[in-house]
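In: mind folding the following:
(2 chains, ligands or ions: 1)
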Amino acid sequence: MIIYLRSGGKLHDLLKPDVDQYTRRVETHEGATLVEILGELGIPLVMVAFAFVDGKVRKLDYVPTDGDVITIQSPVAGG
Amino acid sequence: MNGFGGTILRINLETGEIKRTPTPEKFAREWMGARGFVAKTIYDEVPRDADPLGPENILIMAPGVLTGTFAPAGSKIGFGCISPATNGHADSNMGGHLGAEMKYAGYDMVVFERISPEPAYLYIDDDTIEIRSAGDYWGMGSLDLEKRMKDDLGEDFQIATIGPAGENGVVYSCITHDFGRQAGRCGVGAVMGSKKLKAIAIRGTKSIPVHDLPALTKSTYDIIQRTKTHPLMEPWQKYGTALFVGWSNEHGCFPSRNFQTTYHEGWEGISGEKLAEEILVTHKACFGCWINCGKYSRARIPGKPDIYVEGPEYETIALCGGSCGMTNIHDVAYANYLCDNLGLDTMSGGNTVGFAMECYEKGIITKDDLEGHELRWGNIDDFENLVRMIADRRGIGEVLSYGTKGAAERLGRGTLAFAHQAKGMEFSGYDTRWYSAQLLSYCTSDIGAHHNRSWAITADIEIGQDTPEGKAEVVIYLQHIRPLFDTWCCCRLFWGEVDVTAEEHVDTIGYLTGWDVTFEECMQISEKIWNLTRSHYLERNGGPGRQFDVAPARQLEEKVPSGPAKGQRVGVENFEFMLDDYYHNRGWDKNGHPTREVLEILGLPHVADNLEKVGLLGEPFVDGVPKVRGKRLKPKAM
Ligand code: SF4
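Out: Below you'll find the predicted structure:
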């Protein structure tokens, strides 16, 4: 199945976008968690604070479904 | 002059004299605004032995070159003085709309001198400037007063106020504006209170001259189009900074119970998700911002009136929440409201209450000190009782009004070991025992511990959490780039989160002013300011400088007892290694004193002369100081 990972900021270079400036197309298998998918892409989990899918915050144990567009966010400082 | 309001105001609060002088272009170009204007002016004008809360200190209010312009969120304004918390340079930045309004009235800097004989407020309506009586306003809460002044003067005035804490000289009092934006740090509110200046009201209707309007318009339009679709825009708009409470806990840097540990049991109850589910009313933005990270909330606590407050954002959740043992987002929002209305910085305020709660737990503070109340972890009634005592400086509130360092010096009994501060200003909401670059950032900061001077947590991760090596150069770079946004006065979130580069901001300055300015030049200005504020600190406090760059014993020696960072501590040896590395890479000697060579490179030979006169000039480097001071960790500047 195909999912799309999106990010910017500190994660931009690690994500290596290939669809547009922010988006990477990722082929993966049903049932894989975000932890596994990010691990396969070589993105250190410690650099991902959370994922954002369909307007909702998800933890990294989230299991994507085909066609999901998932934003990943690095940790940042308070205001 | 393009890009600026054009006038500097000097207001002698004692005599009522108001002086207007044109803003010199050389001054504007060399110091760029806010933090730069403050550093230069207080260095030149405030006697070295001036009492921070006495008549010789000055209070400065200054926007920056980008304030009030098309720059992404050119919303910021700085307040500066000598800090009563640190006895050194202070500058504290706030968003909202005050800075833009001030430039539209035509002013680039207001310098408040001396002390008003009676409570007063400054009224500016374009060219009309008056010092008016604030007799009716004295004693009011910051938020209550802003509402009252909007009713009295009109909705289109932008208002800044202090609360009772500022009136009473609590050294971590803030200045509040826009019902929840604060110049929170360094005790600028106490200095305003010491001058009997209760509020500032500004309406400006002029415009800012621009060098190349078509180029400025096009570049801003392009940035808006690009960032509108940025993937990180939506999470920021929905949740703001509170969303990082979870990550901080899961990675062992969240302060729990006065930094006793770094994973807070029950953090889910004070998370960003909880905020959005339970208390969020609407989103709120500063001038010219389309991120709108501000969250406006309603807290409902049985037995207390419902309150509305802007926040709580990450730092308040960490320090009023985690560090005070809270697990309920309504309680944290209520604590946020109390601090805001009393005029206390939620960061130093929360940190100080957490410190006092630990003192209570250890029997160092007792019910007798608390007018019969208790001071239990996570108890909002106890929190309320104590912050009211602090704002009034009653009983133990007087001791705690000096912040954690001042209180520890008065309480003794080993309390300094768990006072989380550097140079007298409290830590932000990050424990550093697994993040040594962040500890170095706090301890070497010119204004005391503050994450906005350098936030190095992700640098720690990328360089290696277990090594002290390679951290100092990166901290130096961050200490130049992050406060640059407080000099230009635009919001750093556009740079940090949605990929507007610092270089794009520099281009904006060029379109605005016509200056042929480069990013490197701006970074050198930032480094110049850093060296000036360091030298100023030394001239006021003596030497050796190294004695001031110290870490709380808990961060160095006590292992984290639980959570993901269990067993971690920085260690004295690692810290001293980083400090040596830091001084060397700054071109300072082993005592932390700037050398003549580095000061001359930065255009500060007179500062070298001044340091030499008082015996605090750094020993020269045999092979010369490093040519590049500070290292950019990643091309994207983070
Ligand atoms: S991102 Fe937040 S702090 Fe920055 S200008 Fe916008 S609302 Fe203000």
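
In: helix/strand/coil for B:Met61?
Out: strand (DSSP: H, G, I helix; E, B strand; the rest coil).

In: contacting residues around it?
Out: B:Ile77, B:Gly78, B:Phe79, B:Met102, B:Met109, B:Val110, B:Phe112, B:Ala160, B:Ile200 (Cβ atoms under 8 Å, 6 or more residues apart in numbering or on different chains). In this view, the C-beta of every residue, glycine as well, is placed from N, C-alpha and C.

In: mind doing that once more with 6 Å?
Out: Applying Cβ atoms under 6 Å, 6 or more residues apart in numbering or on different chains, we find B:Met61 in contact with B:Phe79, B:Val110.

In: near the ligand, anything from stretch B:219-237?
Out: No: judged by Cβ under 6 Å from any ligand atom, stretch B:219-237 and the ligand are separated, with a smallest distance of 7.0 Å.

In: how about that stretch, does it reach chain A?
Out: Yes: residues of stretch B:219-237 contacting chain A under Cβ under 6 Å from any Cβ of the partner chain: B:His230, B:Pro231, B:Leu232, B:Pro235.

In: so the first one makes contact with B:Val500?
Out: I take that to be B:His230. No: between B:His230 and B:Val500 there is no contact, the gap being 9.3 Å when judged by Cβ atoms under 6 Å.

In: tell me, how many residues neighbour B:Phe112?
Out: 26 (other Cβ atoms under 10 Å in any protein chain shown).

In: adjacent strands (with direction) for the strand or helix carrying it?
Out: Assigned by DSSP states H and E, B:Phe112 belongs to strand B:107-113. According to DSSP bridges, strand B:107-113 forms sheet pairs with strand B:7-12 (parallel), strand B:59-63 (antiparallel).

In: the residues of stretch B:219-237 next to chain A in helices, which ones?
Out: The helices, defined by DSSP state H, take in B:Pro235 from the residues of stretch B:219-237 next to chain A.

In: from the residues of stretch B:219-237 next to chain A, which is closest to B:Val65?
Out: Set against B:Val65, the nearest of those by Cβ to Cβ is B:His230 (24.7 Å).

In: SS state for the closest residue to the closest one other than its chain neighbours?
Out: Nearest non-adjacent residue to B:His230, counting by Cβ to Cβ, 6 or more residues apart in numbering or on different chains: B:Val498, 4.4 Å away. Classification of B:Val498 using three-state DSSP returns coil.

In: just the buried residues of the helix ranked longest in chain B, please?
Out: If you go by DSSP H, chain B has its longest helix at helix B:519-541. Within helix B:519-541, the residues that qualify as buried are B:519, B:522-541, counting by 16 or more other Cβ atoms under 10 Å in any protein chain shown.

In: just checking, next helix/strand downstream of it?
Out: Helix B:519-541 is succeeded, C-terminally, by helix B:553-557 (DSSP H and E).

In: what does that following helix rub up against?
Out: B:Ala417, B:Phe418, B:Thr432, B:Arg433, B:Leu439, B:Val570, B:Val572, B:Phe575.

In: please apply the same query to stretch B:292-306.
Out: Against stretch B:292-306 from outside (Cβ under 6 Å, 6+ apart): B:236-237, B:240, B:279-285, B:307-310, B:330, B:333-334.

In: what does stretch B:279-288 give?
Out: B:73-75, B:95-97, B:100, B:292, B:294-299, B:310, B:329, B:333.

In: try stretch B:196-211
Out: Contacts of stretch B:196-211 (Cβ under 6 Å, 6+ apart): B:2, B:68, B:101-106, B:116, B:119-126, B:134, B:137-138, B:149, B:153, B:156-161, B:216, B:512-514.

In: what stretches of the chain score poorly on pLDDT?
Out: No chain in the question, so chain A it is. A:78-79 (pLDDT under 70).

In: oops, I was thinking of chain B
Out: The low-confidence ranges in chain B, as defined by pLDDT under 70, are B:635-638.

In: burial of the residue of chain B found nearest chain A, as a residue count?
Out: Residue nearest to chain A within chain B (Cβ to the nearest Cβ): B:Tyr314, separated by 3.2 Å. B:Tyr314 has 26 neighbours, counted by other Cβ under 10 Å.

In: repeat that for the one 10 residues further on.
Out: Applying other Cβ under 10 Å, we find 33 other residues in the vicinity of B:Cys324.

In: for stretch B:236-245, which positions count as buried?
Out: Buried residues in stretch B:236-245, defined by neighbour count with 16+ other Cβ under 10 Å: B:Trp236, B:Lys238, B:Tyr239, B:Gly240, B:Thr241, B:Ala242, B:Leu243, B:Phe244, B:Val245.

In: check whether the fifth one really touches B:Glu313, as I assumed.
Out: Yes: taking Cβ under 6 Å as the definition, B:Thr241 is a contact partner of B:Glu313 at 4.6 Å.

In: so which residues of chain A form strands?
Out: A:2-6, A:23-27, A:50-53, A:56-58, A:69-73 (DSSP state E).

In: mean neighbour count and distance to the ligand added to those, as CSV?
Out: As requested, the strands of chain A are arranged in CSV below (neighbours: other Cβ atoms under 10 Å in any protein chain shown; distance: least, Cβ to the nearest ligand atom, whole Å):
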stretch, mean neighbour count, distance to the ligand
strand A:2-6, 20, 20
strand A:23-27, 15, 23
strand A:50-53, 22, 17
strand A:56-58, 17, 18
strand A:69-73, 22, 15
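
In: distance to B:Gly624 added to those strands, as JSON lines?
Out: Listed next are these as JSON lines, based on distance: least, Cβ to Cβ, whole Å:
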{"stretch": "strand A:2-6", "distance to B:Gly624": "47"}
{"stretch": "strand A:23-27", "distance to B:Gly624": "45"}
{"stretch": "strand A:50-53", "distance to B:Gly624": "47"}
{"stretch": "strand A:56-58", "distance to B:Gly624": "51"}
{"stretch": "strand A:69-73", "distance to B:Gly624": "43"}
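
In: please list the outside residues in contact with the longest helix of chain B.
Out: Counting by Cβ under 6 Å, 6+ apart, B:32, B:36, B:39, B:43, B:48, B:87-89, B:446, B:480, B:484, B:503, B:506, B:545, B:594, B:602, B:607, B:611, B:616 sit against helix B:519-541.

In: quick check on those residues: which are buried?
Out: Once neighbours are counted (16+ other Cβ under 10 Å), the buried part of the contacts of helix B:519-541 comes down to B:32, B:36, B:39, B:43, B:87-89, B:446, B:480, B:484, B:506, B:545, B:594, B:602, B:607, B:611, B:616.

In: residues from chain A in reach of chain B?
Out: Neighbours of chain B within chain A, by Cβ under 6 Å from any Cβ: A:6-10, A:22, A:46, A:49, A:52, A:57, A:71, A:73, A:75-79.
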